[in-house]
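**Q** with the input below, show me the fold.
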Amino acid sequence: MVSLASPVYCPPPPESIEAAGIPQALITDLVLRRTYISGISTLQGLGKALKLSPLVLEAVFRDLRQQQLLEVKGMVGNDYSFNLTQAGRSLANDRFQISHYAGAAPVSLRQYTRLVKAQAAKVKIDRKSLRQALADLVLSDSLLDQLGPSIISQNSIFLYGPTGSGKTSLAERILRVYHDTVVVPYAIEVDGQIIQLFDPVVHEPLQSDSADMDPRWVMCRRPAVVTGGELVPGMLELRLDEATGVYAAPLQMKANNGVLVIDDFGRQLMAPRELLNRWIVPLDRRVDYLSLRYGVKFQIPFETLVVFATNLDPRELADEAFLRRLQNKIFVEAVDDVLFDEIFRRVMTARNVPFEPESASLLRKLCYQHGCLELRACYPADVCNILVSISNYEGRAPRADREDLSRATTLYFTKT
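**A** Now for the predicted structure:
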């Protein structure tokens, strides 16, 4: 278990509406919508739902009560119990027509930008620590010695080489070199609009009981976003949910302060050059530009390590100008006999498949007999899956002997 360091900077709870950094009208709308949904509310309940500090909520509560939009029904301990008046319900209903959002209050774009830049990754690794971080993979020293400086540079990484050489496995594990945490906002306010950023699929929250941190932020591990052939241009832009009136953040925004993996690059629905042209400025200047539906354009930080993985020829995917911006280009080659045998041993041991001392050598020979010109890192695991299937079909324990390895490779490889 790797211990994680605390974030560089934890934003303190705002002590006033002004300190919250977002328009008071937006906070008022959130309180109205949440109270409208809840019926009977308390300040403590609103605080948990909207992630707003007591000082901010008390100020809004007093203002709404003075306008006779709220009425107090009683006390729950030292807290008020209240609901909306008829005028308050009418106003809340009007605000619902604009947006249904009644979740965590957003932070300002300015504060988000400042924190993302403050949390830019600074990695300290050497060959030993990198091998430890990637201990479940069998990698050559030469590959590690290319990968290490590339990660330290925090510039984009282009992994290329034959299919099955382990590029995807390698890309998905790069996040392991980070041993610190970051803070991620639930949402961001831009021009009065709300952009939802925190995504439980991408962001792994960590337990934090700190009363000294603004509850609108979540302490998380650095994020990792992986996308492949499903990538389309719309996933890189803001997406407005017409039903709720709330924007969803694009992939690169969710990946800020972490890693964004573009797997099977060149096989997306969007053309490679279209993607590369979209990201020439972000990769070069570490900023990106997004637009709201009605044309307002704004800048966001692009502090993410982008890792491209492909088995296609790089020269067929990008021109010289873009390849120059991909400063770290690493060829993930086929494995040699020693690495192949170690991969075989680990796979069979992990799957509890008995094997003989010469089994790995036999599998190598069978691969060559089936027309393979080089050994791929994926072969042992793929063949092992077939060995298990054969054993299940015959109702016996799996084994990696000469007969079953021959049957498995015949199923796996096409005839030459």
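
**Q** which ones are touching the nearest residue to P354 once chain neighbours are set aside?
**A** Spatial nearest neighbour of P354, chain neighbours left out: R399 (5.2 Å); criterion: Cβ to Cβ, 6 or more residues apart in numbering. (Glycine included, C-beta is placed from N, CA and C.) Contact criterion Cβ atoms under 8 Å, 6 or more residues apart in numbering gives V353, P354, F355, L387, S391 as the residues in contact with R399.

**Q** and if we set it to 10 Å?
**A** The neighbourhood of R399, defined by Cβ atoms under 10 Å, 6 or more residues apart in numbering, consists of M348, V353, P354, F355, E356, S359, L387, I390, S391, L405.

**Q** do E71 as well
**A** The contact partners of E71, taken as Cβ under 10 Å, 6+ apart, are L64, R65, F82, N83, L84, T85, Q86, G88.

**Q** how does it look with 6 Å?
**A** Taking Cβ atoms under 6 Å, 6 or more residues apart in numbering as the criterion, E71 is in contact with T85.

**Q** in its sheet, what does the helix or strand hosting it sit against?
**A** Taking DSSP states H and E as the definition, E71 sits inside strand 70-76. Using DSSP bridges, the strands paired with strand 70-76 are strand 79-84 (antiparallel).

**Q** give me the mean pLDDT for the helix or strand just after the strand it pairs with.
**A** Toward the C-terminal end, the helix or strand that comes next after strand 79-84 (DSSP H and E) is helix 86-98. Per-residue confidence for helix 86-98 averages out to 93 on the pLDDT scale.

**Q** which residue packs closest to S41, ignoring adjacent ones?
**A** Using Cβ to Cβ, 6+ apart and skipping residues adjacent in sequence, the residue nearest S41 is T35, 4.7 Å away.

**Q** what is the burial count for that neighbour?
**A** Other residues near T35 number 26, with proximity taken as other Cβ atoms under 10 Å.

**Q** now do it, the pLDDT please.
**A** Note on T35: pLDDT of 95.

**Q** which of the contacts of R399 count as buried?
**A** Neighbour counting with 16 or more other Cβ atoms under 10 Å marks M348, V353, F355, S359, L387, I390, L405 as buried within the contacts of R399.

**Q** and which of these is nearest D180?
**A** Nearest to D180 out of the buried ones among the contacts of R399 is M348 (Cβ to Cβ; 36.3 Å).

**Q** bridging residues for the nearest residue to that closest one once chain neighbours are set aside?
**A** Distances taken as Cβ to Cβ, 6+ apart place F355 nearest to M348, at 4.7 Å, with adjacent residues excluded. Each beta-bridge partner of F355 is listed here: A400, as defined by DSSP bridges.

**Q** so F355 is in contact with D401, correct?
**A** No. In this structure, F355 sits apart from D401 without contact. The criterion is Cβ atoms under 6 Å, and the distance is 7.8 Å.

**Q** quick one: contacts of whichever strand or helix holds S169?
**A** S169 belongs to helix 167-173 when assigned by DSSP H and E. Identification of contacts with helix 167-173 by Cβ under 6 Å, 6+ apart yields L134, L159, V261, D263, V307, A309, V332.

**Q** which of these sit farthest apart?
**A** Among those, the pair separated by the greatest distance (Cβ to Cβ) is L134 and D263, which sit 17.3 Å apart.

**Q** flag the shaky bits of the stretch 1-150 of the chain, pLDDT-wise.
**A** Scanning the stretch 1-150 of the chain for pLDDT under 70 picks out the ranges 1-3.

**Q** where along it do the strands fall?
**A** 41-42, 70-76, 79-84, 107-108 (DSSP state E, counting those that start in this stretch).

**Q** redo those strands as CSV? Include distance to K297.
**A** Shown next, in CSV, are the strands of the stretch 1-150 of the chain (distance: least, Cβ to Cβ, whole Å):
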stretch, distance to K297
strand 41-42, 37
strand 70-76, 38
strand 79-84, 37
strand 107-108, 17
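
**Q** what's the closest of the ones you listed to V8?
**A** Smallest distance to V8 across these (Cβ to Cβ): 16.3 Å, for strand 107-108.

**Q** next one: the closest one to chain centre, how far?
**A** Strand 107-108 has its C-alpha centroid displaced from the chain centroid by 21 Å (Cα atoms, centre = their mean, to the nearest Å).

**Q** what packs against it?
**A** With contacts defined as 3 or more Cβ pairs under 6 Å, 6 or more residues apart in numbering; DSSP states H and E, there are no secondary structure elements packing on strand 107-108.

**Q** quick check, pLDDT for S208.
**A** Reported pLDDT at S208 in the predicted model: 67.
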